[in-house]
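**Student:** 3D, please:
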Amino acid sequence: MNVFKSIIICIIICIIQLSHAFASFDHTGAFLSSAQSTSSGQYSNMGMVGETFVNTISYGVNLTLKTGFIHQMDNPRIISKIIELVPGFQFFSLPLEPQQKDLQSIFKTILDQVDFIKDTNGNFFRKIGSQWIDNIGLWTPQSAYLIKMINNATLSIQGVPVQNNVVIPLKQGYSIVPYYGQSYNAIDAFGEILMNLNFARNSKGHLLRKINNDWIDNIGQLCEWDACLLRMNHQDVLQYDRQAKRKRSNNYEIIEKDVSNRHFELLTGNPAESIWSIYVEKATINDKTLEPGDEIAVFDGDQIVGSMVVSEVFSQETRYNNYLTVWSKLTDGKGYIEGYPCTFAFWDKSEQIEYSPIDIEFVDIKNSYSQNIFPTGDGQFSVANLSYSQLFAEMQTEDFMYTHSDAIPITLVFSREIENFQGSDILIKNGRLHGFKRYSLTTYCFNVSPINEGNVEINLSDNLIAAHDLILRTSFNLCLDENNYKF
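**Tutor:** As a prediction, the model looks like this:
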């Protein structure tokens, strides 16, 4: 009888434990309640995870019931993938949603072989000095990148597979887009957007494009990890899921950031072409620091090739947060030309005034670019201090008494360099200019000989003053007094 009672009690205990166990997991093995987790992702209802038990009952591949507790294996939806990255440039995307979505965590095992990563908007993830700077931000299912590798590397990633019904907005112009789903030829994968597609290009430079009336697919089959550069004639939306495509509507609208109040044009370009990143450590107008909302632009001649709105107060801590993306190829096909000189301009939002030219001082950082001409090759970066100083001019002469017949020597000094300054920019009343010489772009010398008796006035032309926003601190009025000129 006692044996029978013991068996009944054991059965009751087992039933209670089973009910507790199934109360803790859903049919997929997801943890629900009344259990504790370990760092390994295993869950137990009673007892210690890893404790030795004898009687083991299996419930599918996901749950293993042991006497006294439940043990959950890894989530079956989380899988591992490996991608082989080769030296040089390649487009790529992640077919899995990583648990940690910042690029430094995703690539932590191969960071020593990564030169840089670039996104659709020309933002970079790169190492400056000993610090990895991430201007891209967190991974999303719409993310795809251009990566430059130093050497071969194997990237291993774990995560949940990305569904192929992800909605990917496509702006007019260039976008790097990921590929999700089964293996399809490019012409099939992008079939729903062909009416707005100019071309698609893969890492090898192969194209899907229309020639005459025929679409020519030289890309071929797309697989996971793949990404392509698309150039769109008009905005559109991309979805790879076949059923989702059939239900697709044209009501999607890409919401662009309000740029109506910008002074300098917001630029977009081809992210696969060369881009120069300029991190602005400090920017000043007459020693006053630019404030958030002010703007900075870069020009190749009259062509604007980069612009930014100051987003944060300048400081040592934010030195990599205010940066210019300078495009070698804009959406309209223009862009900077390698080896040509670059110039800068400021926009003071509060004063509604544009300032130029801007002086640039490069900060000496390992592997940074430090010339005031557009660089050669992709991925070049600079850290710079930019400044605008009011242009001043002063006239100087020797403290000496001059007669009507003397040639009076004048030295003209500018506070910063001024190009194309000529003798014709000097205005003289009752005098003749001769002996004009340039000693530097800031210092000029000339002589003035009086023509008639009377005062001699020396000034600079109104056109010069207006063109350079110039302030003439000293102009000369030579007064004739007892046959001698005094200043």
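
**Student:** what's the nearest residue to residue 198 if we skip its chain neighbours?
**Tutor:** Taking C-beta to C-beta, 6 or more residues apart in numbering, and ignoring the residues beside it in sequence, residue 198 has residue 231 as its nearest neighbour in space, at 4.2 Å. (Glycine included, C-beta is placed from N, CA and C.)

**Student:** Same check on residue 152?
**Tutor:** By the measure of C-beta to C-beta, 6+ apart, the closest residue to residue 152 outside its immediate chain neighbours is residue 86, 5.8 Å from it.

**Student:** now do residue 414
**Tutor:** Using C-beta to C-beta, 6+ apart and skipping residues adjacent in sequence, the residue nearest residue 414 is residue 442, 4.8 Å away.

**Student:** residues near that neighbour, how many?
**Tutor:** Counted with other C-beta atoms under 10 Å, residues neighbouring residue 442 total 15.

**Student:** how about it, what does it touch?
**Tutor:** Contact analysis of residue 442 by C-beta atoms under 8 Å, 6 or more residues apart in numbering lists 413, 414, 415, 416, 417, 418.

**Student:** Please repeat the previous calculation with a cut-off of 7 Å.
**Tutor:** With contacts taken as C-beta atoms under 7 Å, 6 or more residues apart in numbering, residue 442 has the following neighbours: 413, 414, 416, 417.

**Student:** Look up how far residue 420 lies from residue 89.
**Tutor:** Spatial separation of residue 89 from residue 420 under the definition C-beta to C-beta, to the nearest Å is 42 Å.

**Student:** tell me the domain ranges of the chain?
**Tutor:** 2-72, 79-161, 168-246, 275-388, 391-486 (automatic domain parsing).

**Student:** Dump the ones you listed into CSV; add distance to residue 264 and mean pLDDT as well.
**Tutor:** Formatted as CSV, the domains of the chain follow (distance: least, C-beta to C-beta, whole Å; pLDDT from 0 to 100):
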stretch, distance to residue 264, mean pLDDT
domain 2-72, 50, 40
domain 79-161, 16, 93
domain 168-246, 18, 86
domain 275-388, 4, 92
domain 391-486, 19, 82
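
**Student:** Reformat those as JSON lines; add distance to residue 266.
**Tutor:** Written out in JSON lines, the entries for the domains of the chain read as follows (distance: least, C-beta to C-beta, whole Å):
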{"stretch": "domain 2-72", "distance to residue 266": "44"}
{"stretch": "domain 79-161", "distance to residue 266": "11"}
{"stretch": "domain 168-246", "distance to residue 266": "12"}
{"stretch": "domain 275-388", "distance to residue 266": "7"}
{"stretch": "domain 391-486", "distance to residue 266": "26"}
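
**Student:** Mind checking those domains for the one nearest to residue 263?
**Tutor:** Nearest to residue 263, of all these, is domain 275-388, at 4.1 Å by C-beta to C-beta.

**Student:** Just the endpoints, please. Distance across the closest one?
**Tutor:** Domain 275-388 has its terminal residues 25 Å apart, counting by C-alpha to C-alpha, to the nearest Å.

**Student:** Enumerate every residue touching the residue most central in space within the chain.
**Tutor:** For the chain, residue 123 is the residue whose C-alpha lies nearest the centre (C-alpha atoms, centre = their mean; 2.3 Å). Taking C-beta under 7 Å, 6+ apart as the definition of contact, the neighbours of residue 123 are 135, 136.

**Student:** Begin at 433, not 1, for the rest of this chat.
**Tutor:** Sure, I'll start numbering at 433, so the last one becomes residue 555.

**Student:** Distance from stretch 596-616 to the middle of the chain?
**Tutor:** The chain centre lies 20 Å from the centre of stretch 596-616; the measure is C-alpha atoms, centre = their mean, to the nearest Å.

**Student:** Only the C-alpha atoms, please, for it, written as CSV.
**Tutor:** Output for stretch 596-616, consisting of C-alpha atoms alone and laid out as CSV, is shown next (Å, rounded to 0.1, in the frame of the first residue of the first chain):
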residue,chain,number,x,y,z
ASN,A,596,12.1,39.2,-48.0
ASN,A,597,9.0,41.4,-47.6
VAL,A,598,11.1,44.2,-46.2
VAL,A,599,10.0,47.6,-47.7
ILE,A,600,13.1,49.4,-49.2
PRO,A,601,12.3,53.0,-50.2
LEU,A,602,14.3,54.1,-53.2
LYS,A,603,15.1,57.8,-53.7
GLN,A,604,15.7,59.4,-57.1
GLY,A,605,19.4,59.1,-57.8
TYR,A,606,21.7,56.5,-56.3
SER,A,607,21.1,53.9,-53.5
ILE,A,608,22.9,50.8,-52.3
VAL,A,609,20.3,48.2,-51.7
PRO,A,610,20.4,44.8,-50.0
TYR,A,611,19.1,41.6,-51.6
TYR,A,612,16.9,39.2,-49.7
GLY,A,613,15.2,36.0,-50.7
GLN,A,614,15.8,33.1,-53.0
SER,A,615,18.4,33.2,-55.8
TYR,A,616,16.9,35.2,-58.8
